[in-house]
Every structure is written in C-alpha cells, then in structure tokens.
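S.K.: Dropping the sequence and predicted coords here.
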Amino acid sequence: MILAPSILACDLGHLADQIAAVARGGAGVVHVDVMDGRFVPNITLGPAVVEACRRATGLPIDVHLMIENAERHLDAFVDAGAASISVHVEALPHLQRAVDHLRRRGVRPGVALNPSTPLSLLEEILPEVDFVLVMSVNPGFSFQKLLPGSLDKVRRLRRTLDERGLPARIQMDGGVTLENVKAVVEAGVEIVVAGAAAFAGGDPERAARALIEAAR
Ligand code: DX5
Ligand code: ZN
C-alpha cells in the first residue's frame with residue numbers, strides 16, 4: 001500500500017515541515033488537490049504550490065485536478081514538477097488526448113471518477129492509464145465520510161483490471177480513516193489518499209505510520 005497524504009488538510013503555513021513529517025512516517029507520495037470553484041465548489045491550490053512541494057521533498061507529487069478545462073492547465077502542472085496527474089472523466093470530453101499528452105510529457109496519467117460515475121465510462125481508456133482514482137466522497141473538501149458503495153466499486157474495478165490483464169493501479173480518495181483503511185486495501189486499493197487522517201491529529205508522522213500499520 002502506498003500512502004498519499006493530501007496536503008489540503010495540512011497546516012499550509014508549515015507545508016515543508018508537514019510533508020517532511022509524513023515522509024518520515026512512511027508516505028510514498030504527496031497528493032495535491034487542485035480545485036477551481038467551478039467543477040467543485042471549493043477553490044484550493046495551483047502550480048505554485050506543486051512547485052513548493054517538489055522543492056520540499058524527494059517524494060513524487062501526485063496532482064488531482066478537479067477543474068474545468070483541465071487540458072488548458074496540464075503543462076503548468078507538469079512544469080511545476082508533478083510526477084502523476086489525474087483528470088476527472090466528468091470534466092473532459094477529450095479524455096484520451098489529455099492522457100496521451102501527459103504520457104508524452106513523462107507524467108503518469110490517471111483518471112478520476114466521482115462517486116456517481118459508473119466504471120463503464122473507463123472501458124476504452126483503461127489500457128492507457130497508470131491509475132484510476134475512485135472518489136469515495138464527492139470531491140471538494142477534506143473531512144468527509146467515505147461513501148459506503150465505494151469499496152464495492154473498487155472490487156468491481158479490480159476484477160475488470162484482472163480479467164483484462166491491465167496494470168493500472170487503483171487509488172482511493174476521501175474519508176479514509178484508521179478504522180477503514182484495512183478494508184480499503186483489501187478491496188484492491190494500492191494508493192491510499194488521506195487528508196484528515198494524516199494531518200488533523202497534529203502529529204502527521206505518527207498518523208502516517210499508524211495508517212500504514214493499520215492497513216497491514
Ligand atoms: C476531496 C479531495 C481529497 C481530500 C481527502 O475532494 O480530493 O483528496 O483532501 O481528504 P480526507 O481524507 O479528509 O477525506
Ligand atoms: Zn484528492
């Protein structure tokens with residue numbers, strides 16, 4: 001299991017320290033939530049923050065784009081140092097073009113699905129992506145509860161990937177806690193995003209370690 005703490009829930013005034021703490025706790029990736037106030041109700045972080053993360057750590061930076069017209073902004077996030085970028089299938093009519101562009105630019109492409117978006121929309125794109133981000137909350141905010149249908153969705157996706165022999169990894173984002181992280185991983189999630197569970201307790205190093213331990 002790869003733990004991907006979401007800095008949306010961290011103390012942004014101490015970004016570098018917060019990232020260093022989760023890295024010491026065993027985090028494998030830093031997850032950056034980009035929101036535009038249009039695709040989702042909230043407005044959050046942009047390329048400048050991705051660049052600050054990249055300077056702060058050797059860990060790969062994973063950018064989750066919750067924005068309209070994502071195609072227009074891909075290069076800015078690649079140039080800022082993203083190692084992987086996920087785009088929402090609901091926000092992009094020309095998804096394949098965006099995925100292909102990311103790969104050509106040397107970034108791992110991922111596609112993200114809102115809770116109500118069916119897996120069937122992935123049928124054509126699945127062989128081209130490095131990972132699928134299954135949203136387990138409606139995107140927009142940290143500190144929400146994991147929606148109960150999410151684990152079954154992951155199990156079905158896991159089955160499809162196995163049946164088709166595809167290498168894409170499954171990432172889950174939203175409402176992961178110490179209590180449910182084991183079930184999340186058992187369902188087939190390899191990359192676990194955690195906002196509140198990593199940062200809200202005030203000791204991110206310990207929280208990261210505890211999440212990884214609880215997933216075993
Ligand atoms: C939600 C974001 C998540 C969020 C996770 O829209 O994409 O990455 O920050 O936070 P928690 O783990 O608190 O749900
Ligand atoms: Zn996210």
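M.R.: Perfect, I can see it now. Ligands and ions are numbered 1, 2, ... in the order given.

S.K.: can you give me the helices for this protein?
M.R.: Applying DSSP state H to the chain gives helices spanning 15-24, 47-56, 74-79, 95-104, 150-164, 181-187, 196-199, 204-215.

S.K.: For this structure, which residues are neighbours of ligand 2?
M.R.: 33, 64, 173 (Cβ under 5 Å from the ion). All C-beta spots, glycine's among them, are computed from the backbone N, C-alpha and C.

S.K.: so where's the chain shaky on pLDDT?
M.R.: For the chain, no stretch is flagged by pLDDT under 70.

S.K.: Near the closest residue to ligand 2 within it, how many residues? Count them for me, please.
M.R.: The minimum distance from the chain to ligand 2, using Cβ to the ion, falls at His64 (3.7 Å). By other Cβ atoms under 10 Å, the residues close to His64 number 28.

S.K.: Then Thr117?
M.R.: 16.

S.K.: Tell me how far it lies from His88.
M.R.: As judged by Cβ to Cβ, to the nearest Å, Thr117 and His88 stand 8 Å apart.

S.K.: and if you look at Glu179?
M.R.: When distance is defined by Cβ to Cβ, Glu179 is 27 Å away from His88.

S.K.: So the two - more neighbours on which side?
M.R.: Between Glu179 and His88, counted using other Cβ under 10 Å, the more crowded position is His88 (23 against 10).

S.K.: Surely that one is in contact with Leu121?
M.R.: No. Using Cβ atoms under 8 Å, His88 is not in contact with Leu121; the gap is 10.6 Å.

S.K.: residues bridging contact with these two, i.e. touching both?
M.R.: Shared contacts of His88 and Leu121 (Cβ atoms under 8 Å, 6 or more residues apart in numbering): Leu113.

S.K.: Next step: the residues of the chain next to ligand 2 restricted to strands.
M.R.: 33, 64, 173 (DSSP state E).

S.K.: near ligand 1 too, which of those residues?
M.R.: Contacts with ligand 1 are made by 33, 64, 173 out of those, judged by Cβ under 6 Å from any ligand atom.

S.K.: Looking at strand pairing, list the partners for the second one.
M.R.: Put plainly, it is His64. Counting by DSSP bridges, His64 is bridged to Asp33, Ser86.

S.K.: what's near enough to touch it?
M.R.: Contact partners of His64, counting by Cβ under 8 Å, 6+ apart, are 31-34, 86, 112, 133, 173, 193.

S.K.: do the same with the first one
M.R.: Taking Cβ under 8 Å, 6+ apart as the criterion, Asp33 is in contact with 6-8, 44-45, 64, 66, 139, 195.

S.K.: what do you get for Pro204?
M.R.: 5, 10, 18, 21-22, 25, 198.

S.K.: which of the residues you listed sit farthest apart?
M.R.: Taking Cβ to Cβ, the two most distant members of those are Cys10 and Gly25; they sit 12.6 Å apart.
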